[in-house]
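K.L.:
no FASTA, just this:
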């Protein structure tokens, strides 16, 4: 990681030894000159992005933080937590938070476990592996808007799924307008995201040192032992990454919901993004800002917790 | 023992085949259904798309008939979409002029930024990199409010720029490209420096050619993400005439469902072409993300 810097340091040390004494001042001048040039160069390359990120994300986010603690832009009285409390007490926000959290808590672990399962299946010797990989990955490339029509046909009250279920004597369910609605969304989420996660796991499985598994084989370790004590250890950074990615994508499931059911879905499908959209329409910046800040905090805490968990679990194999 | 082994593999193959079937079906169905005539579509799915929300309370098992193969292959839907009513093509064009600039600009900005993160290290820069990662992980629900505010200050609300600018500086490509560039041997860069190349030359002649496949795979990932966008246009681009097809497709009404299938298929085509051409790059690109840290 710090190879180039170490090299440079060694080189500088060498040069220092070679130079005749008494030129220490010039040497110091050279070094600091190079430093300055490096800073200038790095800023020249990073500048556009830093500027853009500041203008479009950081500065407005700071304003959002400011908005979240004042009464209104016209009457900028400091009210500290009032906006947060009123958002937390807001029943739409509660519904949205509850639905989003329920969805993520169920869908994310499923996405991690199932995609790891698919990756392990593709690791075994089965026919048509490269085709299977293509098929599993294909939903990721299909626009949500394009397949929504088929989903509507499948999950409608008079739709295909109920048709199939009725053949087994199960009474029909109004999938999108009943407490079962989250099941639909979880299926759509898994359909779209499993392939991507699977690729990440396949790459990580490939990176496990083969000798280790061979030794385990020779020693007569059971497949379960090999999986839990060797593979999973090496996979832990990937498990973390896939978990984080899946959490992020779980927020994007709004796309499917919006395209399937519009702005006002069944209450079980009312997500955080719906709440934000409605607040945008009402132009209530205080509520919006407080909600955004709360969500950002939750995300940061979640990410730090996941990092910690991974540190504790996979420390001994990280190189 | 041996027999058991074969049985296990057989079961795994079956499971994989089942998943493959389920994964492929919706896409295939959308495409085959686009070749049906409107009357066939109405006969099959009339019930699904015509009923208002409340009227679907009676279950009639024979109403919906999900079909694989059209009775008679017809291009009438495509002819309508492509020639008779240019409205849909306009929306398609809206998508193109939103997404293509975002892909090009984001990858462009990201490549110089990633070079900077690769070439120079330090406490401040690793903090900045970590900051980019955090920003990358923020959902739209967090970033949309800042985007909305800044767009309204700059007076670009309801114009394409309100989506293009934040897209241009989105940190996802920076993160991924930095991961790629750090794999370039440091000795290569040191050698070029000793030869007297300027930083810009090192970037242009050494780093970029090494990252060609990475750039392609990142471009595909960014393209598919923005081709799918729904959250940004409905907040930042409320003018229906400017909205991309990804949002518009859901507003098509019941007696045009046949058309919708044709449009949905057309909308898929760029993605599927990219996928067929760049699948290996894409897989490589995803695989290299590895972990968030480091």
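P.N.:
Arrived safely, thanks for sending. The structure presented is a predicted model; accordingly, all values stated were derived computationally and were not measured.
K.L.:
Enumerate every residue touching the residue nearest the centre of chain A.
P.N.:
Nearest to the geometric centre of chain A sits residue A:245, at 2.5 Å (CA atoms, centre = their mean). Shown in contact with residue A:245 (CB atoms under 8 Å, 6 or more residues apart in numbering or on different chains): A:196, A:197, A:200. The way it works is simple: take the backbone N, C-alpha and C, and place the C-beta from them, glycine included.
K.L.:
Could you name the specific helix or strand carrying it?
P.N.:
For residue A:245, the element it lies in under DSSP states H and E is helix A:232-251.
K.L.:
Touching, residue A:137 and residue A:195? I think so.
P.N.:
Yes - with contact defined as CB atoms under 8 Å, residue A:137 and residue A:195 form a contacting pair (3.9 Å).
K.L.:
And these two? Which one has more around it.
P.N.:
residue A:195 (24 against 20; other CB atoms under 10 Å in any protein chain shown).
K.L.:
so what's that one up against?
P.N.:
Residue A:195 is in contact with A:115, A:136, A:137, A:138, A:139, A:140, B:23, counting by CB under 8 Å, 6+ apart.
K.L.:
Show the average pLDDT along stretch B:284-294.
P.N.:
Mean pLDDT, stretch B:284-294: 67.
K.L.:
which residues of the stretch 51-200 of chain B fall in helices?
P.N.:
Under the criterion DSSP state H, counting those that start in this stretch, helices of the stretch 51-200 of chain B are mapped to B:76-79, B:87-119, B:123-137, B:140-154, B:161-168, B:172-181, B:186-194, B:199-201.
K.L.:
just flag whichever of the ones you listed has the lowest average confidence.
P.N.:
Across the helices of the stretch 51-200 of chain B, helix B:76-79 gives the lowest mean pLDDT, at a mean of 76.
K.L.:
near chain A at all, it?
P.N.:
No - Helix B:76-79 lies out of reach of chain A by CB under 8 Å from any CB of the partner chain, never closer than 12.4 Å.
K.L.:
residues in contact with that helix?
P.N.:
Contacts for helix B:76-79 (CB under 8 Å, 6+ apart): B:34, B:35, B:36, B:37, B:38, B:258, B:259, B:261, B:262, B:266.
K.L.:
For the residues you listed, work out which two are farthest apart.
P.N.:
Using CB to CB, the pair of the contacts of helix B:76-79 lying farthest apart is B:37 and B:266, separated by 17.4 Å.
K.L.:
roughly how far apart are residue B:212 and residue B:107?
P.N.:
12 Å (CB to CB, to the nearest Å).
K.L.:
Scan the contacts of residue A:195 and report the most crowded one.
P.N.:
residue A:136 (26 neighbours).
K.L.:
give me the element that one is part of.
P.N.:
Using DSSP H and E, residue A:136 sits within helix A:129-141.
K.L.:
That helix close to chain B?
P.N.:
Yes - counting by CB under 8 Å from any CB, contacts between helix A:129-141 and chain B involve A:131, A:132, A:133, A:134, A:135, A:136, A:137, A:138, A:139, A:140, A:141.
K.L.:
can I assume residue B:230 is in contact with residue A:148?
P.N.:
No - here residue B:230 lies out of contact with residue A:148, judged by CB under 8 Å, at a distance of 10.6 Å.
K.L.:
circling back to that earlier point, which one among the contacts of helix B:76-79 gets closest to residue B:90?
P.N.:
Closest approach between the contacts of helix B:76-79 and residue B:90, by CB to CB: residue B:266, at 12.8 Å.
K.L.:
would that closest one count as being in a helix?
P.N.:
Yes - under DSSP: H, G, I helix; E, B strand; the rest coil, residue B:266 falls within a helix.
K.L.:
List the contacts of it.
P.N.:
When contacts are counted by CB under 8 Å, 6+ apart, residue B:266 touches B:78, B:81, B:88, B:92.
K.L.:
please redo it, this time with the cut-off set to 7 Å
P.N.:
Residue B:266 sits next to B:81, B:92 when contact means CB atoms under 7 Å, 6 or more residues apart in numbering or on different chains.
K.L.:
Quick check, pLDDT for it.
P.N.:
At residue B:266, pLDDT is 87.
K.L.:
Equivalent analysis for the one 4 residues further on, please.
P.N.:
Per-residue pLDDT puts residue B:270 at 91.
K.L.:
now residue B:29
P.N.:
Each residue has a pLDDT score; the one for residue B:29 is 84.
K.L.:
Find the nearest non-adjacent residue to it, please.
P.N.:
Nearest non-adjacent residue to residue B:29, counting by CB to CB, 6 or more residues apart in numbering or on different chains: residue A:150, 5.0 Å away.
K.L.:
Likewise for residue B:208?
P.N.:
Using CB to CB, 6+ apart, the closest residue to residue B:208 is residue B:111 (6.6 Å).
K.L.:
Can you verify my assumption that the one you found contacts residue B:180?
P.N.:
No - under the criterion of CB atoms under 7 Å, residue B:111 makes no contact with residue B:180, lying 10.0 Å away.
K.L.:
Show me which of residue B:212 and residue B:107 is the more surrounded one.
P.N.:
A side-by-side neighbour count of residue B:212 and residue B:107, using other CB under 10 Å, places residue B:107 first with 21 against 10.
K.L.:
Isn't the more buried one up against residue B:217?
P.N.:
No - using CB under 7 Å as the test, residue B:107 is too far from residue B:217 to be in contact (10.6 Å).
K.L.:
Mind jotting down where the helices sit in the stretch 51-200 of chain A?
P.N.:
Using DSSP H, counting those that start in this stretch, helices in the stretch 51-200 of chain A cover A:59-68, A:82-89, A:91-123, A:129-141, A:144-155, A:160-167, A:181-206.
K.L.:
lowest-confidence stretch among the ones you listed?
P.N.:
Comparing mean pLDDT across those, the weakest is helix A:160-167, with a mean of 78.
K.L.:
residues of it that come out buried?
P.N.:
A:160, A:161, A:162, A:163 (16 or more other CB atoms under 10 Å in any protein chain shown).
K.L.:
among those residues, which are in reach of chain B?
P.N.:
Taking CB under 7 Å from any CB of the partner chain, the overlap between the buried residues of helix A:160-167 and the neighbourhood of chain B is A:160, A:162, A:163.
K.L.:
Tell me the one of those nearest chain B?
P.N.:
Among those, residue A:160 lies closest to chain B (CB to the nearest CB), at 4.4 Å.
K.L.:
Verify the stated contact: the closest one with residue A:154.
P.N.:
Yes - using CB under 7 Å, residue A:160 makes contact with residue A:154 at a distance of 4.8 Å.
K.L.:
any idea how the chain splits into domains?
P.N.:
No chain in the question, so chain A it is. Annotated domains of chain A cover A:3-68, A:92-317 [automatic domain parsing].
K.L.:
ah, no, chain B please
P.N.:
If you go by automatic domain parsing, chain B breaks into B:2-50+B:66-82, B:85-251.
K.L.:
Including distance to residue A:41, could those go into TSV?
P.N.:
What follows is the domains of chain B, written out as TSV (distance: least, CB to CB, whole Å):
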stretch	distance to residue A:41
domain B:2-50+B:66-82	47
domain B:85-251	5
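K.L.:
Please identify the most buried of these.
P.N.:
Mean neighbour count (mean count of other CB atoms under 10 Å in any protein chain shown) peaks for domain B:85-251 among the domains of chain B, with a mean of 19.
K.L.:
quick check: angle from the helix holding residue A:245 to helix B:140-154?
P.N.:
50 degrees (axes from the mean of the first three to the mean of the last three CA atoms, to 10 degrees).
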